[in-house]
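[1] here's a sequence, model it:
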Amino acid sequence: MADHTPPVARHRAAGDARVFESTHPLVKTKLTALRDKGTEPVPFRLRVRELTWLLGYEALADLSLEETKVETPLTPTTGYRLAPRLGLVPILRAGITMADAMMELAPAAQVWHLGLYRDEATHRPVSYYNRLPPRPTVDVALVLDPMLATGGSAIAAVDVLKAWGVPEVRFVGLIAAPEGIAALHARHPDVRVHVAAVDERLDERAFIVPGLGDAGDRQFGTNL
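    Numbers count the residues shown, from 1 in each chain. Below you'll find the predicted structure:
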């Protein structure tokens with residue numbers, strides 16, 4: 001018998017209700033292209049954009065709506081607009097491509113960049129850029145970062161957003177390690193995680209296995 005369970009519900013039924021690992025066939029095939037070490041930066045960035053569209057569609061599926069009136073060429077009718085103010089928070093630099101793609105899905109969304117990099121010795125995030133205004137201007141914030149590895153950058157980003165006063169924060173990425181998910185939820189158990197895949201583990205360098213390498217280097221051609 002065919003499974004007619006709505007996609008979002010099907011993802012949640014697979015395990016932790018806070019983790020949404022996409023089962024969409026297009027997500028699986030595009031992720032395979034990203035994993036391939038032979039994929040060059042230009043097609044790599046394109047696949048990141050396409051995956052972000054698909055994952056963003058799923059991550060935003062339950063946002064509330066407000067009714068609005070609209071005139072069609074034939075008659076007035078009722079339409080809808082998003083009720084919450086949506087914010088996109090890409091973690092520089094790897095999240096830039098994801099933010100560009102998400103803005104095509106939600107062009108009215110605000111974009112607030114956070115600059116974080118991982119110290120290769122400690123594997124801890126180091127903050128170097130944050131220009132958030134004094135008071136929150138969004139109701140739902142999406143943290144955008146291709147990789148959820150140790151969870152350090154995601155935790156730091158959510159720390160900043162909650163301190164800013166954002167009521168709801170969600171994480172959207174490409175792949176995650178179980179260790180990163182566990183660390184994020186140990187600190188922020190309310191944050192939903194939307195990814196294309198949950199991979200096996202972290203290696204001794206805190207890289208995701210099987211993973212896809214360094215997402216920033218592969219997007220921007222700096223993996224020399």
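[2] use CA for all of it now, contacts and neighbours both
    Noted.
[3] for the residue of the chain positioned farthest from its centre, give me phi and psi.
    Farthest-out residue of the chain from its mean C-alpha position, per Cα atoms, centre = their mean: L74, at 39.5 Å. Per-residue torsions, L74: phi -110, psi -40 (degrees, to the nearest 10).
[4] nearest residue to the middle of the protein?
    Central residue of the chain (Cα atoms, centre = their mean): V172, 1.5 Å from the mean position.
[5] just the residues contacting the top helix by length along the chain, thanks.
    The longest helix of the chain (DSSP state H) is helix 41-59. The contact list for helix 41-59, computed with Cα atoms under 8 Å, 6 or more residues apart in numbering, reads 8, 22, 27, 30-31, 33-34, 97-98, 100-102, 105, 172-174, 194-196, 218-221.
[6] how about a cut-off of 7 Å?
    For helix 41-59, the surrounding residues in contact (Cα atoms under 7 Å, 6 or more residues apart in numbering) are 8, 27, 30, 34, 97-98, 101-102, 105, 194-195, 218-221.
[7] do stretch 138-157 as well
    Residues from elsewhere that reach stretch 138-157 (Cα under 7 Å, 6+ apart): 84-91, 94-95, 98-99, 116, 124-125, 166-177, 179-181, 183-184, 206-208, 215.
[8] same deal with stretch 75-86?
    With Cα under 7 Å, 6+ apart as the criterion, stretch 75-86 contacts 64-71, 109-110, 138-141.
[9] now, which of the residues you listed lie within strands?
    65-71, 110, 140-141 (DSSP state E).
[10] would you map the helices across the chain?
    Counting by DSSP H, the helices of the chain are 7-13, 25-35, 41-59, 96-105, 152-164, 178-187, 215-220.
[11] ok, G173 touching R192?
    No. Counting by Cα atoms under 7 Å, G173 does not reach R192; the two are 11.1 Å apart.
[12] out of these two, which sits in the busier spot?
    Neighbour comparison, G173 and R192: the larger count goes to G173, with 24 against 21 (by other Cα atoms under 10 Å).
[13] list the contacts for that one?
    G173 neighbours (Cα under 7 Å, 6+ apart): 144-148, 194-195.
[14] also I175?
    By Cα under 7 Å, 6+ apart, the contact list for I175 reads 146-148, 195-199.
[15] inside strands: which ones of those residues?
    Counting by DSSP E, those contribute 147-148, 195, 197-198 to strands.
[16] just the residues you listed now: which is nearest L60?
    V195 (12.9 Å; Cα to Cα).
[17] on the strand side of things, show who that closest one bridges to.
    Note on V195: beta-bridge partners by DSSP bridges are E21.
[18] quick one: contacts for it?
    Contacts of V195 (Cα under 7 Å, 6+ apart): 20-22, 55, 172-176.
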